[in-house]
Each structure stands twice: as structure tokens, then as C-alpha cells.
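Student: quick one, what's the 3D model for this:
(chains A and B)
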Amino acid sequence: MQTPRVSRIGALAALVTGLAVASPAAAQRVDWPSEQPPPPLLRRHVDFPEYQIRSLDNGLQVVYVGHHEQPAVNVRMILRAGAATDPPGQPGVASLVGQLLDQGTTTRSAQEIAGAIDSIGGALSVGTARDLGFIDVLVMKDSFDFALDLLADVARRPAFAPAEIERQRNQVLSGLQVSYDDPAYVASVVFNRLVYGFHPYGLPQAGTPRSIRTITRGDLVAFHRTHYLPNNAVLAVVGDVTAEEAFAGVERALGDWRPGPPPPAVTADNIPRPTRRLVVINRPGAVQTVIHAGHVALPRAHPDFMAFDVAIKILGGEGGNRLGSVLRTARSLTYAASADIAGRQIAGDFMAKTDTRSAATAEALRLTVDEIARLRRERVRERELRSAQDYLAGSFPITIETPNAIAAQVLEAILYGLDVDEIEYFPERINAVNVRDIERVAQAWLRPANLSMVLVGDASVFLRDLPGVGFDRIEVIPLSELDLTAADLRRPSRFRR
Amino acid sequence: MRSTHRASRCAAFRRGLLIAVVFGLASAAVAPVDAAVRPPKFDYRITTLDNGLTVILSEDHSTPIVNVQMWYHVGSKNEPAGRTGFAHLFEHLMFKGSHNVRSDEHLSMISSVGGEGNAYTTEDVTVFFQTVPAQYLPLVLWLEADRMATLRISQRTLDSEREVVKEERRWRYENEPFGLLSEILYDEAFTTHPYKHQTIGSMEDIEAASIEDVQDFFDTYYVPENATLTIVGDFESDYALQMVEHYFGRVPKAKKPVPRNLPREPEVTESRRLTVEADNWPLPAVVVAHPITYDGHPDAYPLHILSKILSDGQSARIHRSLVYEQQVAVSAFGQGVIIEDPNLFYAVALVQPSRTPEQVAAALIAELDRAKAAPPADGELQRAKNQFARDYVIGRISIEQKGMHLAHAQVIHDDITTADAEFDIFMNVSREDVQRVAQTYLRDDNRLVLTILPRGSRRTGQ
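Tutor: Numbering: from 1, shown residues only, chains lettered A, B, ... in the order given. All right, here's what the predicted structure looks like:
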């Protein structure tokens, strides 16, 4: 698209004007004009890229996004088979199923799968998140049919061979051993546990050492049979194929996949209400403390989601970030402070987080909690809201730059039951939020007196400072005694190391 | 404001454990496929302003956004003795205001127009980048020029940013499992060249940086002739160049030449084995390292392919042998660090609890020896080339990626045509080339075998 000439002239005129008002006396070390930032050029129209959605007879929804600059195709399937659907008391089943998908099918061994994808220079990844399982195949365009066949095979026919189960089990156990030495991991799993209790959202996705040891092949096979169904999945084809090639290819590879009864819906039944709790996971010798604070909030599809998202962006996101201004810019207490919301299928949460040197822990926690309280107590200023909106609405074209980014937004909308057509009106919807909306959702959803707070660090350095800044009722748990499946988060004493 | 690209490899290494998957033998059932799919070439213009600033423009009208990158050819390898971490600390100071821009206003202006920006420092370069809606290109050029010409330097911002960088070091390296891998390895592997130290630097040196250091660094390295500006996205080149001339043409030339005299690392002539202990180190690890050549040397291309044969994908040799077949390692990978000056090839393995570091070191060295003893099979070479082509293609999708490749070719190779020309060089690497570079660089007499144990494990006899 050509920029109309008028805007060029206008901008050049502004340049000249800028020079004319330059004040050499104000320059520092070089002769440099004092001037205002230049005005923008003429705004360019943002065309939302085309995509198509169709459904196969077996219920599989298929999204197509074409992109023909680079000769690559990405095929991505998501299934409503995330850790949220773990069987009760068995965290880690969904995740282990996800990891075993590419470890051999009834037609190919694990070695054959790895050799096949590597030899064509493709990439295959499988995995599990809270609300979804995914299979992702990237190939050059001449291997599109191969990609579909491979994806169909690992989705439909994983073998769950006992030897591969044991390999994966050992990998997960080793991984957990390392993770428990990672303070960011520990903080996040303890935070989720405090916020969501014993709901599957509250338990670690990868499982616990105990749950991983007890999962049987039968558990994995049953989970796969129940959740890996075409009517429980969405597939995206993104890249350098035509729409007809895409839909015909998917029909060929997955048209005969038989649907099944829809899996039972996950409920929000045992998610606790926000309850104030301050837990210190003691990690002697740590040079920094990881701080997480937040509580349960609203699910992704809730009508308040967008306004609440903007509110939390003002607290700690791009375009706003009061936490960053206070903790980093003003006080140099941290490299990064931020807040974000997790909007999930049936619930969600918001969380503020930062990391600070051990001695500054109490101050950083106080400042963080104060900012959360202030967001609820005081109406945000118009200018602050405008700044967050300008960022969110203005960056929309950046969020649709790559075909995979577009596909991710469409898949997310389908997964969470949102109106797909609304994606392209994101800027308009963001700009419709006003300060009263922010005030209303802050009042409705923020409970500063009922925060779940987690500190992972060296308690001996900061514990005595906490009462002085208003924090009492502190639960201190040695890292070595942490048990996420216990109500008090502690391993029973007879099992302690 | 990140400190390095490659530092993230340690994090990836750790994350890899969580989702580690076990694969085995490359299948003989699948015939090798030609890397027949060719990526398109870049369409760009390059010019130099009178003050020495190099400007690269590449139009891409697919989305109405534009990416602007300013590469300063200075990194942690240019730091004087006793000032490790300074290039990165300086990168932070570039956000603390200039003649027309208040402290921290650069990024807030960018985000207020819906843009995204940040910066990073590596051993070789310091890069400032932003992507904005296309109509805000003048704003970005104005901001970058303002700080290039008139950065405001004060004791107060130096002191406060110093604390932020110390927090970054704690967060990214000290409080992170395996976070100090590179620091330990490079301190042992190098004696003289400044690659010996990490980009983040030491706490003592970060503490020691003075306001005079800041001024001197700015005057020496943040000058037009040491900078390369790339603009990629939705704009018209002629008009963009006029704006570049307007905003950057007024930045004065440097008063002195940019120093380029770095000490050379002496050749390593004997093998070494040593064991150290580290904090935040959950499992014993073995590292095997060899000095290699620089980015752009003819051997660099087969070395890159060799790295892929050894370690790209779950069917690659190191993972298949150590993790899947022998099960001596929990996780293992190898990589050639091919950057501006000669660096290292190194392989790392985390020791399975039932095995010893000696067994793991022997297994790793056996894989490197195999690469010297025989050339790779045709299928294995083709696989590595196909993987290279994949990385090449998916690494050139966003305008930020495109800008990065163009700038890298110009700044590191001093030849922008390499942004396209390297594809064919890689495709023409032969089996014999791969064997030859393995024999040239992975020698018995230049090997470092480093075992890193959790702190206190030797004392307790674990």
C-alpha cells in the first residue's frame, strides 16, 4: 500500500518546523535541537488476514490460515485434554499421555518417528497445558501430506509401550528433581495450590513424584480413549498450501477418525474462595526471593474479562505497569515486576510477581500488595487507562504479523468458546473500556485482604522484617518438607528427610 | 533488557528436562529428502551516511508495521579489565534519557503507540530494537538519533541502574538452577581473550563502574561509524532514507577511530580435566569443550552442520547414545558457539544418578571421536542440511527476524550479501568437510573435560 503523498509532505514540514524552533543553547555536548517527537505519518489500514474454518463430519474443527512467503507449513492440533482433565488425585496423567504420544504408535516405533521427522528437517512437538493438549508438526511445504499422516498417527494410535512409559516416567522424575531446585517453579506451583486448592488447576501439571510413580498404563490408555477424539479437538493448518489442499489433506488423513461421547466437563466445584495466606518456602542461601501474590478471578469467557485484563495491565503490564514504576524505576529493587491474568476454561486468576534481593523482600512484598489495594481503592486516571489502551489497541497489527500468531488467536477463541469474529475488532473493544468499567471490575474481582502470597527465598534474612511492614500469620515451610498434596503443604513428619 | 542470547540456552537446557523425550535410532525406513525447498532472497538497500552510519532498508508490506534495529558493534568482549558487565550496564543506561527524552520515556513512548521495544547485549554487539505500527517510523528514528547524539549521563541513574543489573544477575544466573554453567565453563576454557568472562559481568565489576567509564564508553563506541541501522517493514525506502538522513545526518562523526585490538587467545596445546563445585546445581554435569573458529571462516559452516549431526533432534547422536541407548545421562546436548571471534564447541550431559561423571565423559568423548573416525552417512548429512533449511526458513518470517539477519551479516561478516549467500554454502557442505573439521578442532590435545558437582557433594562423598 502506498502512503498518500500528503502525509509525506506533512511530516517533512514537521521536520523543518522542528529544526526551526531548535534551541542551540539547550544542547548538551553537541549542537542538537530541542524539539518535540515528530508526528506520525498517515495511519495505514490494518487488514485482518483471511482465515477459514470448517468442520469434518466427525466433529473435528479445522482452521486454515494461508501464508505464502516462506515455503513452510505448520499443522497444529489442540485437544481439550489439558491437566485440568486429570483424573481426581492423579496429577500428571494428562501430561504423561501428551509426552508419550510421539513415543511410538501401533504402526511406528519411537525411533522411527524421531528418525522420520528429523530426516526431512521437520519438527514435531507434543505437550500439555492446563486446558489443552497439543501436537505440532512443522515441515517444508513438500512434506505436507507426511505431516498430516504423522499427526494423525500420534493423535490416534499411541502405543503406550511399557518400556517407553518407564523411560518417560524416569524423565519426569528427574525433571521434577531439578524443578524443585528452581525457585520460580516452586513459587508457581505453591501459588496455584493456594489459589485453586485441590482442584486440578491447583495441582502441578507435571504431577508430583508420588503421583508419577503410581500412574499405570491402564490410566494412560483410559485417558487417551476418553479425551483424544475428533469432536474434542481443533486443528489449524498454517502456511504455504492452498485452502483446498489444506481441507482435502485433513479430510484424507483424519476424516475416518471416529468420534466418541464428549468427555465429562470439568467443573469449578471445589475451587476455594480467595483466602488470605502467606507462605514462605525457605531456601537457605538463596540470593533472591521470588514473590507471587494474587487470587482466583474470572474465566476466559467471562464478560468482564477484557476490562479486568486492562485493569491488571495498568497494575503490571506493557503500556502501564505501576509495579514496574515503583519496584524497578523508583526503588531499584528488582529487574522485573509484572502482573498478569490467567483466564482459563472454568476459572482464572491474577498474579503479581517480582524477584528481589533477599534483604529487600519485606519492602518489595509490601509495595506489591499496596499497589493491588490501590487499584481497587482508587479510580484509575484517564491518562493511565489511555496509555494502556493505546498500547493494547495499537499493538494489534503486531499481534497478527505471523500466520502462527493469527492461528493461535483463532484456536484460543474456539477453545474458550469466544466469538471468533470478534478477534479483528479487538482494538475497538479495548477502546470501549472506560475508567468506570475499570473501577467496577476492580471492585468486583480484587480482594486485597484475601491474597495468596508466596515467598521462595532465604527466610533467615527477611522473616523478621515481615511483621514490621504489616505481615503476620506466616507459614514457613522448609523446601525439603514441601508437599503440594498436603493441606498444610508439609510432608507428614515421619516422611521428612 | 536482556543480557545475552545464548545465556538462555541454560534455561532451555533445564526446561528440556521437564519435557525431555526419549528417542532412538534414526530410521532407515525413510529415504533422505533433498532440501529442494528454497527460501526467497532478501530485497534490501544499503547505504552509508557521511558520518559513517550504515543504513539497511528492506520493504515488507504484508502487515502495516515496521521494525527498527540499531546495532552498536560493541559487546562484552570490548570491556576493559576490571569492568566486566559494563557493555550490558551501559545498554540499560541508554534508556535513561537524552536531550529531548526523559528517563524511561523511550520505551513508554514506544508502548504508547502500540509498539514493542527492548535491547540486548552479547559478547559482540549491543542491539536496540523496536517494532511499531508503520506510521510511527519517524518517532523511532527520532528517539534512536536523540540518544545516539545526546545521551544524558548522571551518577544518580548509574547508581540506580547498577542495582537493577545486579538484580538481573541474581535472577538470571545466581538464583537459577545450572544458571552459572557458562560462567564456570568460559572462565576455565579461556585465559586471555575477553570471551573468558560473561556478558552479565561480575558483581564486583558492576559495582566498580564509574561515571567516567560511562562517558568514555559512549564517546568511543556509541558513534555513527560503529552503528548499523536496519529498517524492515511497511514503508517506502526513498522516503525512509530522507528521514534517516534528517535525524541521523546531524549526529556528529566520531572524534577518534573505534578500537579493534583485542587480545588473541593462545592456542590450546594440552588436554585438561578438572572438577569444580557450584551453587544451585541440582545434578552432576560433565562438559567437554574444544576451541573452534570464528563466524564466517570457511570451517564454520561444516562445524555448524557437525553440531546438528551431533545434537539437533532426538535422533541426533549425543542424545540417542547417552540418553536413550546407554542411559548414562538424564539430558545431553552439544553446540558450536560460532561468533565473531574464535569460541568453543561444547557438549554437556547431566549425569544419571546411578552413573558416574567418568562414564558420562567417556561416552561424550566417544561420540566426538566417532565424528573424527568416519564421515557422517549420506542420510545423516542430508538430515542436518534439511534441519538447517528449516531453521533458515522459519527464522525469516517476522520483520524483526529479517532485520536481525541483515544486520548480523553486515556487522559480524562485514558483508551483507552473506545474509543470502550462506544458504548455498551450507547446502554444499560435504561429508568429508564434516569429518575434516571434526579432526581439525575436536582434538585430543585441545580438550577440556569439566565436571561440575553440586556444592558440598565432594565433602559428603555423594
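Student: so, low pLDDT: which residues of the stretch 301-450 of chain A?
Tutor: By pLDDT under 70, the stretch 301-450 of chain A contains no weakly predicted segment.
Student: mind listing the strands in it by residue range?
Tutor: With DSSP state E, counting those that start in this stretch applied, the stretch 301-450 of chain A shows strands at A:337-343, A:348-357, listed in chain order.
Student: for residue A:202, which of these is the nearest?
Tutor: The closest of the strands of the stretch 301-450 of chain A to residue A:202 is strand A:348-357. By Cβ to Cβ, the value is 10.2 Å. Where C-beta positions appear, they are placed from N, C-alpha and C, glycine not excepted.
Student: each with direction, which strands does the closest one pair with?
Tutor: strand A:288-296 (antiparallel), strand A:337-343 (antiparallel) (DSSP bridges).
Student: is the closest residue to residue B:100 other than its chain neighbours in a helix, a strand, or coil?
Tutor: Using Cβ to Cβ, 6 or more residues apart in numbering or on different chains and skipping the chain neighbours, the partner closest in space to residue B:100 is residue B:146 (5.2 Å). Using DSSP: H, G, I helix; E, B strand; the rest coil, the structure places residue B:146 in helix.
Student: go ahead and confirm residue B:146 touches residue B:99.
Tutor: Yes. Between residue B:146 and residue B:99 a contact is recorded at 6.0 Å, counting by Cβ atoms under 8 Å.
Student: the closest residue to residue A:358 other than its chain neighbours and residue A:355, how far apart?
Tutor: The spatially closest residue to residue A:358, leaving aside those adjacent along the chain, is residue A:461, at 4.0 Å (Cβ to Cβ, 6+ apart). Distance of residue A:461 to residue A:355, given as Cβ to Cβ, to the nearest Å: 14 Å.
Student: before we move on, what about residue A:406?
Tutor: In terms of Cβ to Cβ, residue A:406 sits 33 Å off from residue A:355.
Student: the more surrounded of these two?
Tutor: Between residue A:406 and residue A:355, counting by other Cβ atoms under 10 Å in any protein chain shown, residue A:355 is the more crowded of the two (28 against 22).
Student: who's in contact with that one?
Tutor: A:184, A:288, A:289, A:290, A:291, A:334, A:335, A:336, B:167, B:170, B:171, B:175 (Cβ atoms under 8 Å, 6 or more residues apart in numbering or on different chains).
Student: rerun that using 10 Å as the cut-off
Tutor: Neighbour list for residue A:355: A:183-184, A:187, A:287-291, A:327, A:333-337, A:361, A:364, A:456-457, B:167-168, B:170-172, B:175 [criterion: Cβ atoms under 10 Å, 6 or more residues apart in numbering or on different chains].
Student: and those, which are buried?
Tutor: Neighbour-count burial (16 or more other Cβ atoms under 10 Å in any protein chain shown) is assigned, among the contacts of residue A:355, to A:183-184, A:187, A:287-291, A:327, A:333-337, A:361, A:364, A:456-457, B:167-168, B:170-172, B:175.
Student: what's the domain layout of the chain?
Tutor: All of this refers to chain A. A:52-254, A:277-495 (automatic domain parsing).
Student: not what I meant, chain B
Tutor: B:45-248, B:267-454.
Student: including mean pLDDT, could these go into TSV?
Tutor: Output for the domains of chain B, formatted as TSV (pLDDT from 0 to 100):
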stretch	mean pLDDT
domain B:45-248	96
domain B:267-454	96
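Student: quick one: the spatially closest residue to residue B:134 that is not a sequence neighbour from residue A:158, how far?
Tutor: In space, residue B:134 comes closest to residue B:234 once its chain neighbours are excluded; the distance is 4.1 Å by Cβ to Cβ, 6+ apart. The gap separating residue B:234 from residue A:158 is 45 Å, by Cβ to Cβ.
Student: burial measure for the residue in the stretch 301-450 of chain B positioned nearest to chain A, as a count.
Tutor: Closest approach between the stretch 301-450 of chain B and chain A, counting by Cβ to the nearest Cβ: residue B:386, at 2.5 Å. By other Cβ under 10 Å, the residues close to residue B:386 number 25.
Student: which SS class is the residue lying closest to it once chain neighbours are set aside?
Tutor: Spatial nearest neighbour of residue B:386, chain neighbours left out: residue A:121 (2.5 Å); criterion: Cβ to Cβ, 6+ apart. At residue A:121, secondary structure determined by three-state DSSP is coil.
Student: same check on residue B:348?
Tutor: strand.
Student: show me the contacts for it.
Tutor: Contacts of residue B:348 (Cβ under 10 Å, 6+ apart): B:9-10, B:13, B:178, B:181, B:185, B:285-289, B:311, B:318, B:329, B:331-335, B:360, B:364, B:450, B:452.
Student: try it again at 7 Å.
Tutor: B:13, B:285, B:287, B:332, B:333 (Cβ atoms under 7 Å, 6 or more residues apart in numbering or on different chains).
Student: now those residues as JSON lines including neighbour count, distance to residue A:471 and secondary structure?
Tutor: Formatted as JSON lines, those follow (neighbours: other Cβ atoms under 10 Å in any protein chain shown; distance: Cβ to Cβ, whole Å; DSSP: H, G, I helix; E, B strand; the rest coil):
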{"residue": "B:13", "neighbour count": "19", "distance to residue A:471": "36", "secondary structure": "helix"}
{"residue": "B:285", "neighbour count": "26", "distance to residue A:471": "38", "secondary structure": "strand"}
{"residue": "B:287", "neighbour count": "22", "distance to residue A:471": "43", "secondary structure": "strand"}
{"residue": "B:332", "neighbour count": "31", "distance to residue A:471": "44", "secondary structure": "strand"}
{"residue": "B:333", "neighbour count": "23", "distance to residue A:471": "43", "secondary structure": "strand"}
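Student: now tabulate these in JSON lines and tack on distance to chain A.
Tutor: Below are these laid out as JSON lines (distance: Cβ to the nearest Cβ, whole Å):
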{"residue": "B:13", "distance to chain A": "10"}
{"residue": "B:285", "distance to chain A": "11"}
{"residue": "B:287", "distance to chain A": "17"}
{"residue": "B:332", "distance to chain A": "12"}
{"residue": "B:333", "distance to chain A": "14"}
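Student: and the residue of chain B found nearest chain A, what does it touch?
Tutor: The nearest approach of chain B to chain A comes at residue B:114, 1.7 Å away (Cβ to the nearest Cβ). Going by Cβ under 7 Å, 6+ apart, residue B:114 touches A:390, A:391, A:393, A:394, A:395, B:132, B:133.
Student: same check on residue A:380?
Tutor: A:314, A:435, A:438.
Student: go on, residue A:177?
Tutor: Contacts of residue A:177 (Cβ under 7 Å, 6+ apart): residue B:282.
Student: distance of it relative to residue A:340?
Tutor: For residue A:177, the distance to residue A:340 - Cβ to Cβ - is 28 Å.
Student: I'd guessed residue A:99 sits against residue A:167; true?
Tutor: No. With contacts counted by Cβ atoms under 7 Å, residue A:99 stays clear of residue A:167, the gap being 9.9 Å.
Student: out of the two, which sits in the busier spot?
Tutor: Comparing residue A:99 with residue A:167 by other Cβ under 10 Å, the one with more neighbours is residue A:99, at 27 against 23.
Student: element containing the more buried one?
Tutor: Using DSSP states H and E, residue A:99 maps to helix A:93-100.
Student: which strands and helices lie in contact with that helix?
Tutor: Helix A:93-100 sits against strand A:123-128, helix A:162-179, helix A:217-227, with contacts defined as 3 or more Cβ pairs under 7 Å, 6 or more residues apart in numbering or on different chains; DSSP states H and E.
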